[in-house]
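*Asks:* what's the 3D shape of this:
(2 chains)
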Amino acid sequence: DAGITQSPRHKVTETGTPVTLRCHQTENHRYMYWYRQDPGHGLRLIHYSYGVKDTDKGEVSDGYSVSRSKTEDFLLTLESATSSQTSVYFCAIGDTQYFGPGTRLTVL
Amino acid sequence: QKEVEQDPGPLSVPEGAIVSLNCTYSNSAFQYFMWYRQYSRKGPELLMYTYSSGNKEDGRFTAQVDKSSKYISLFIRDSQPSDSATYLCAINPEGGGNKLTFGTGTQLKVEL
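*Replies:* This next block holds a predicted model:
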């Protein structure tokens, strides 16, 4: 494994509640990414980071924010979850992108 | 038109068959090409990575890139039931940082 973990692995929440997903790496990679994966759409980039406090938007960033205060942690926050954000979320690290195990999020 | 097109399958083959998986892309700026394998309920794992036209071989896997046709392929020789997974192509433009554009994936089943 590339030394990347995600938490929680599964979460069920209600519409309108805030949700934070955590990605943790032990590889000291500069680059970290958040993707969502949905049937028919494949993997789509939400946000990425190229260093501590350096982040940028991806293809589907609306409704999501990120923070990176330490090299090893990259947090994805849904400020007010909606049912359209029900998905599997993957974190990835590094130039060629090693992926974490994913978080299954259900928004009721 | 999507930037990367990939036939979703499912593709079912007998054990030992040669499998061909393909993607087409529309942007000639794409320069780096990757194939990922994803087992059910797991994260994608990198299989092959190339940045030039031609073939790159790794064991039973061969990645082929034809930039003139904007077409990339992954061949699997002597396919095994353990190769049953979804295969994703991913493409990165030169100078695009590390932002990848993924195909939607082809589901492969290798049957005994």
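
*Asks:* tell me where chain B is predicted with low confidence.
*Replies:* B:1, B:93-97 (pLDDT under 70).

*Asks:* name the nearest residue to B:Ser52, sequence neighbours excluded.
*Replies:* If the residues on either side of it in the chain are set aside, B:Ser52 comes closest to B:Val65, at 6.8 Å by C-beta to C-beta, 6 or more residues apart in numbering or on different chains. C-beta here means a position set from N, CA and C on the backbone, and glycine is covered the same way.

*Asks:* likewise for A:Pro101?
*Replies:* Nearest non-adjacent residue to A:Pro101 (C-beta to C-beta, 6+ apart): B:Gly43, at 5.2 Å.

*Asks:* coming back round to it: who's in contact with the residue nearest to B:Ser52?
*Replies:* With contacts defined as C-beta atoms under 8 Å, 6 or more residues apart in numbering or on different chains, B:Val65 is in contact with B:Phe33, B:Thr50, B:Ser52, B:Ser53, B:Gly54, B:Tyr71, B:Ile72.

*Asks:* isn't the second one right next to B:Ala63, touching?
*Replies:* To tie it back to what came earlier, the one meant is B:Thr50. Yes - contact criterion C-beta atoms under 8 Å: B:Thr50 and B:Ala63 qualify, at 5.3 Å.

*Asks:* those two: which is more packed in?
*Replies:* Each of B:Thr50 and B:Ala63 has its neighbours counted (other C-beta atoms under 10 Å in any protein chain shown); B:Ala63 has more, 22 against 16.

*Asks:* quickly find the element holding that one.
*Replies:* strand B:61-66 (DSSP states H and E).

*Asks:* that strand: how far from the chain's middle?
*Replies:* Relative to its parent chain, strand B:61-66 has a centroid offset of 8 Å by C-alpha atoms, centre = their mean, to the nearest Å.

*Asks:* skip ahead from that strand and say which helix or strand is next.
*Replies:* strand B:71-76.

*Asks:* what pairs with that next one, parallel or antiparallel?
*Replies:* strand B:19-25 (antiparallel), strand B:61-66 (antiparallel) (DSSP bridges).

*Asks:* need those in a markdown table with distance to A:Thr13, can you?
*Replies:* What follows is those, written out as a markdown table (distance: least, C-beta to C-beta, whole Å):
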| stretch | distance to A:Thr13 |
| --- | --- |
| strand B:19-25 | 35 |
| strand B:61-66 | 40 |
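
*Asks:* hey, which of those strands is tucked in deepest?
*Replies:* Each of the strands paired with strand B:71-76 was scored by mean neighbour count; the highest is strand B:19-25, a mean of 20, by mean count of other C-beta atoms under 10 Å in any protein chain shown.

*Asks:* what's next to it, contact-wise?
*Replies:* The contact list for strand B:19-25 (C-beta under 8 Å, 6+ apart) reads B:3-7, B:11, B:13, B:35, B:69-76, B:79, B:83, B:87, B:89, B:91, B:101, B:103, B:106, B:108, B:110.

*Asks:* now B:Lys99: phi and psi?
*Replies:* Dihedral angles of B:Lys99 (phi, psi; degrees, to the nearest 10) stand at phi -80, psi 120.

*Asks:* please apply the same query to B:Ser82.
*Replies:* The phi/psi pair for B:Ser82 (degrees, to the nearest 10) is phi -70, psi -10.
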